[in-house]
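[1] let me see the structure of the following:
(2 chains)
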Amino acid sequence: MRVSLLITCVVDVVAPDVASAAVRVLRAAGCEVTCNLAQTCCGQPAWNAGFADDAARVARATLDALESDLGDGAEAVVVPAGSCATMVRVFWPELFEVAGDHDAAARARLVGERTRELSELLAERAGHLPPLRLGRPVQAALHESCHMLRELRIVDQPGELARRVEGCEVVGWDGSDRCCGFGGTFSVKLPEASVAMADDKLESLAAGAPDADVLVGCDTSCLLHLQSRAEAAGRPVHVRHLAEVLAAGLPEEEAT
Amino acid sequence: MSGHLLPGTTLRQRTADAVADERLRSNVARAVDRFAGHRLTGLAELDDADELRRAARAAKQQVLADLPALLERFADRVLDLGGHVCWAPTAADARRYVVQVVEAAGATRVAKSKSMATEEIDLNPALAAAGAEVVETDLGEWIIQLAGETPSHIIAPALHKDRHQIKDLFVDTVAAPPSLDTEPTELVRFARERLREVFLAAEVGITGANIAVADTGSIVLVTNEGNGRLVTALPRVHVVVLGMERLAADWRQADLLLALLARSATGQRLSSYTSVVTGPRGQGEVDGPDELHVVVLDNGRSDLLAGEHHEMLGCIRCGACLNVCPVYRQTGGHAYGWVYPGPMGAVLTPLLAADQPEAAEVAGASTLCGACMDACPVQIPLQDLLLSLRRAKAADAGGAERAAWRAWSAAWSDPRRYAATTRAATWGRWAADLAGHLPVGRDWATGRTMPRPAGERFRDRWRAGL
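    Below you'll find the model as predicted:
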């Protein structure tokens, strides 16, 4: 199966290892990965802030790129971020309608139907994955991110995938489904509330999964937010995107 | 329009002040966890809670579609029963009418049961100015009144205070003995004794209405303390302030809404008291008021009904969205700045307090995490409404923020310019340019370290062959 990777801007600039890991795992799952570098960003920050025209302007570039890959034989778009996958699948049609671009809205619907969040696609193709094993066992606490959980209703797949990795013990905790406080521009418009929410999340993690070695999630933005807060508060946490955990479990020859 | 959106304060200041209060945060978190947990237990008893939510949503949509006719039917029934009806287009009209009723009754003592509609119209100060002593009889609302505060939650007005704070308040304001035990049962016993005097002495009782049933002209009041029943049974005059959207066509609809209201609010199948008031005291009846006045409050609701945010009028004021909101959990209700807090307040404030310039930004008090929509018993699309309100605000936004988004979209709508702005060498300068428009960096750095660009972007790796 050929898939087109939507890198997402945060991963592209701040966490390229996440996309590299995603590519390795996708290939190990038997996918041929394409990546159209005409993509930029899904437009979500501006959309959530109320600037629909600016969001549409940016999203159109990415829509064009993904549509082009799908036209060239990719069967699906895969996104290593629940929030951006939600933007494409749920909000793009509305975004383009609001911006008055009905043609783009129609095209976005077609792209959206073929867009999968990474763990969603990998769970469908789990049978193709080689045995996964970590050299050093870890206990992983899973952060459930908001849009993935409550818009895309992707609930079980991240845990199922992480549990396939020998040496990766997955633990849940009370509060794992509560927002980390990032919320795009929310984090800079109401920074004190945003930080308080991150603290609440980190405290619930410490209380509910005290032995966890790593906080694992499917949205780099949430993980970076929590990491930034934890660092500043002098209680650093180790965070990893699910793709990185899976890639670390790949057999040597496939991991390179 | 009325209410008390704090003039000269910003949402950011208010939320910052709130989260700096550790005791408040811990009190709020403890309370909302309890409510949210009860709600889940209460809904789990139902065969299909989501089916009931869909039915309730459909019922409220039907009500809103038929609202003018239902209001006429309801008012006709109230008049048939011997009650009075006042149509109040504005908060000022509603206040004026209630003050007139109190003055005409020669009343100096007024007992109230909890009502957010009366908070919305700022009724108590108007009654006090007219010389009436007003006492709130819901325990939480009484606590708030004694503290000189406003409710921080729509069903549990004092949930931000713990029992030690409440005991101290009783000692300071109503001469409770300093030896008063802080056990909730003892605090309640003290309040009950004080409030019983109020019920017996009051000449006028004022309530809101959880539901008004058009078919029978009935007012339904939901309480857990029985104060609603006492306020409507003992005083000679009963005044209802009814938000005009709180209609049900008939008892079948009312039953549906009641089934979800108590469960969503507190997890109860029914609240301890569900009181129905149908007209003033009839012949042969032993209690109930001589006079019943229903003030039908518009105060911006007709405009809301006619506009794109009309679904918000389906809100049944259960508070479930507050209890699951991660922002409310940290800030409590006062930070929202007006009458209604939490997600429902973040939608209602810009709509119902639209005349106040500080109202529009309250739609920003959400990360759009969606927990509120999953909890709403009538499935109001709160996140969509918040997004729409943010767009309305952005359309009015001037200068700095607009310029920043313009600059951003100009760059990132083009892959070459995106590539140029995200290159490690230029990223910092471009980000600083944007930050010149918006103090993004400084605000992020409020308690957080700055994520560093990785240096090599993924697209560079891809181009180099991966």
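
[2] now do the end-to-end distance for stretch B:330-343.
    Terminal residues of stretch B:330-343 lie 13 Å apart, using CA to CA, to the nearest Å.

[3] hmm, it in reach of chain A?
    Yes - residues of stretch B:330-343 contacting chain A under CB under 8 Å from any CB of the partner chain: B:330-331, B:335. (Each C-beta comes from the backbone N, C-alpha and C, glycine too.)

[4] and those as a markdown table, adding secondary structure?
    Supplementary listing: those in a markdown table, determined by DSSP: H, G, I helix; E, B strand; the rest coil:
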| residue | secondary structure |
| --- | --- |
| B:Gln330 | helix |
| B:Thr331 | helix |
| B:Ala335 | helix |
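
[5] what's the burial count for the spatially closest residue to B:Glu291 that is not a sequence neighbour?
    Sequence neighbours aside, B:Val237 is the residue nearest to B:Glu291 in space, at 4.5 Å (criterion: CB to CB, 6 or more residues apart in numbering or on different chains). Using other CB atoms under 10 Å in any protein chain shown, the number of residues around B:Val237 comes to 22.

[6] okay, the residues of stretch B:330-343 next to chain A in CSV with neighbour count and pLDDT next?
    Shown next, in CSV, are these (neighbours: other CB atoms under 10 Å in any protein chain shown; pLDDT from 0 to 100):
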residue, neighbour count, pLDDT
B:Gln330, 26, 98
B:Thr331, 32, 98
B:Ala335, 29, 97
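
[7] which one of those residues is nearest B:Cys369?
    Among these, B:Gln330 lies closest to B:Cys369 (CB to CB), at 12.7 Å.

[8] residues contacting that closest one?
    With contacts taken as CB atoms under 8 Å, 6 or more residues apart in numbering or on different chains, B:Gln330 has the following neighbours: A:193, A:196-197, A:200, B:15, B:18-19, B:25, B:28-29.

[9] kindly recompute the last result at 7 Å.
    Neighbouring residues of B:Gln330 by CB atoms under 7 Å, 6 or more residues apart in numbering or on different chains: A:193, A:196-197, A:200, B:19, B:25.

[10] can you give me the pLDDT of B:Glu225?
    What the model reports as pLDDT for B:Glu225 is 89.

[11] circling back: so the residue nearest to B:Glu291 bridges to which residues?
    Listed by DSSP bridges, the beta-bridge partners for B:Val237 are B:Val204, B:Glu291.

[12] now it: how far from chain A?
    Taking CB to the nearest CB, to the nearest Å as the measure, B:Val237 falls 44 Å from chain A.

[13] that older thread, so which of the contacts of B:Gln330 is the closest to B:Ala454?
    Using CB to CB, those come closest to B:Ala454 at A:Met197, 25.9 Å.

[14] in three-state terms, label that closest one for me.
    helix.

[15] excluding its backbone neighbours, what's nearest it?
    Leaving aside its sequence neighbours, A:Met197 sits nearest to A:Gly181 (CB to CB, 6+ apart; 2.7 Å).

[16] run through the residues that contact B:Ala128.
    Applying CB under 7 Å, 6+ apart, the residues contacting B:Ala128 are B:Val134.

[17] confirm that it sits in a helix.
    Yes - checked against three-state DSSP, B:Ala128 lies within a helix.

[18] how long is stretch B:362-381 end to end?
    End-to-end distance (CA to CA), stretch B:362-381: 17 Å.

[19] does it reach chain A?
    Yes - Stretch B:362-381 comes into contact with chain A (CB under 7 Å from any CB of the partner chain), by way of B:364-365, B:367-371, B:374.

[20] between the residues of stretch B:330-343 next to chain A, which is closest to chain A?
    B:Gln330 (4.1 Å; CB to the nearest CB).

[21] any idea how far that closest one is from A:Gly181?
    8 Å (CB to CB, to the nearest Å).

[22] mutual contacts of those two, please.
    Shared contacts of B:Gln330 and A:Gly181, defined by CB under 7 Å, 6+ apart, comprise A:Met197.

[23] now the helices for the stretch 101-250 of chain A?
    Listed in chain order, the helices of the stretch 101-250 of chain A (DSSP state H, counting those that start in this stretch) span A:102-113, A:118-124, A:146-150, A:157-164, A:186-189, A:191-208, A:220-232, A:242-248.

[24] now the helices for the stretch 1-150 of chain B?
    In the stretch 1-150 of chain B, the helices defined using DSSP H, counting those that start in this stretch lie at B:11-19, B:22-44, B:49-65, B:67-80, B:91-104, B:116-120, B:123-129, B:139-147.

[25] returning to what we had before: got a list of what the residue nearest to A:Met197 touches?
    Applying CB under 7 Å, 6+ apart to A:Gly181 gives the contacts A:187, A:194-195, A:197-198, A:201, A:225, B:326, B:367.

[26] give me the angle between the longest strand along chain A and helix A:191-208.
    Determined from DSSP state E, the single longest strand within chain A is strand A:132-142. Put simply, strand A:132-142 runs at 120 degrees to helix A:191-208, going by axes from the mean of the first three to the mean of the last three CA atoms, to 10 degrees.

[27] output the below-cut-off pLDDT ranges for the chain.
    This is for chain A. A:253-256 (pLDDT under 70).

[28] correction: the question concerned chain B.
    Within chain B, the ranges that satisfy pLDDT under 70 run B:1-6, B:424-441.

[29] and the gap between the most centrally placed residue in it and chain A?
    The residue lying closest to the centre of chain B (CA atoms, centre = their mean) is B:Tyr340, at 3.1 Å. Distance of B:Tyr340 to chain A, given as CB to the nearest CB: 18 Å.

[30] just B:Leu64 next, same as before
    With CB to the nearest CB as the criterion, B:Leu64 and chain A are 22 Å apart.

[31] can I assume that residue is in contact with B:His310?
    Yes - counting by CB atoms under 7 Å, B:His310 is a contact partner of B:Leu64 at 6.2 Å.

[32] coming back round to it: buried ones in the longest strand of chain A?
    A:132, A:138, A:140-142 (16 or more other CB atoms under 10 Å in any protein chain shown).

[33] ok, now stretch B:444-456?
    B:444, B:447-449, B:451, B:453-454.
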